[in-house]
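Trainee: fold the following for me, if possible:
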Amino acid sequence: VSQSRYRKALQQIIKLPQEDHVIDRKLGKEWRLKKRMIELIIHCELGNTELALSRIQSLEKSLQNLFEQPMYKRALAFLKLIRYILEHPENASSKPFEQMVIQSNLALPEQREDTQAMTFYCWLKSKMIHQPYYKVLVETVNENN
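Mentor: Coordinates of the predicted model:
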């Protein structure tokens, strides 16, 4: 995906409500989490490293109660892995990072994965194997069907 498409995606995200309390009231905390994670990925792709790191810190703090719930622990692990990639981009395809991903239990389980979780995992995997995100996503979807 080209940088211009990521910039367009960011423009669309910005058009959505930005205030956390408004998002929470109208759509819920889970929706806010997913919106912020998509925004985070866009900032990563645009090379906005400091902004992305700041967004991770903000998410961890503002949604701390959500991350304590078992079903959101994988989302928190995902954020920590993104932070690692941002802070150590040269290690994204290393064996130690692969082990971190395995230990975080982010890899797709044997049972059918929900589409949203699959897309986040595939973005991370694309960074690990240096392949375009969309290609990794299509291949993963095809493997799981």
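Trainee: drop to CA atoms for contacts and neighbour counts, all remaining ones
Mentor: OK.
Trainee: looking at it, I13 is touching E39, isn't it?
Mentor: Yes - counting by Cα atoms under 8 Å, I13 touches E39, with 6.9 Å between them.
Trainee: compare those two (neighbour count), which wins?
Mentor: E39 (20 against 16; other Cα atoms under 10 Å).
Trainee: tell me what the helix or strand in which the more buried one is found is packed against?
Mentor: Following DSSP states H and E, the helix or strand that holds E39 is helix 29-45. Here helix 29-45 touches helix 3-15, helix 20-26, helix 49-62, going by 3 or more Cα pairs under 8 Å, 6 or more residues apart in numbering; DSSP states H and E.
Trainee: tilt between it and helix 3-15?
Mentor: With axes from the mean of the first three to the mean of the last three Cα atoms, to 10 degrees applied, the angle from helix 29-45 to helix 3-15 works out at 150 degrees.
Trainee: which element, helix or strand, includes Q18?
Mentor: Using DSSP H and E, no helix or strand contains Q18.
Trainee: ok, it - how many residues close by?
Mentor: Residues contacting Q18 under the criterion other Cα under 10 Å number 13.
Trainee: look up phi and psi at it.
Mentor: The phi/psi pair for Q18 (degrees, to the nearest 10) reads phi -100, psi -30.
Trainee: out of everything not next to it in sequence, what's closest to S94?
Mentor: Residue nearest to S94 in three dimensions, not counting chain neighbours: M128, with 7.6 Å by Cα to Cα, 6 or more residues apart in numbering.
Trainee: returning to what we had before: between the helix holding E39 and helix 49-62, how many degrees?
Mentor: Helix 29-45 and helix 49-62 are oriented at 160 degrees to each other (the same axes, to 10 degrees).
Trainee: and helix 29-45, how far from the chain's centre?
Mentor: In terms of Cα atoms, centre = their mean, to the nearest Å, the centre of helix 29-45 is found 7 Å from the chain centre.
Trainee: many thanks, we can stop here.
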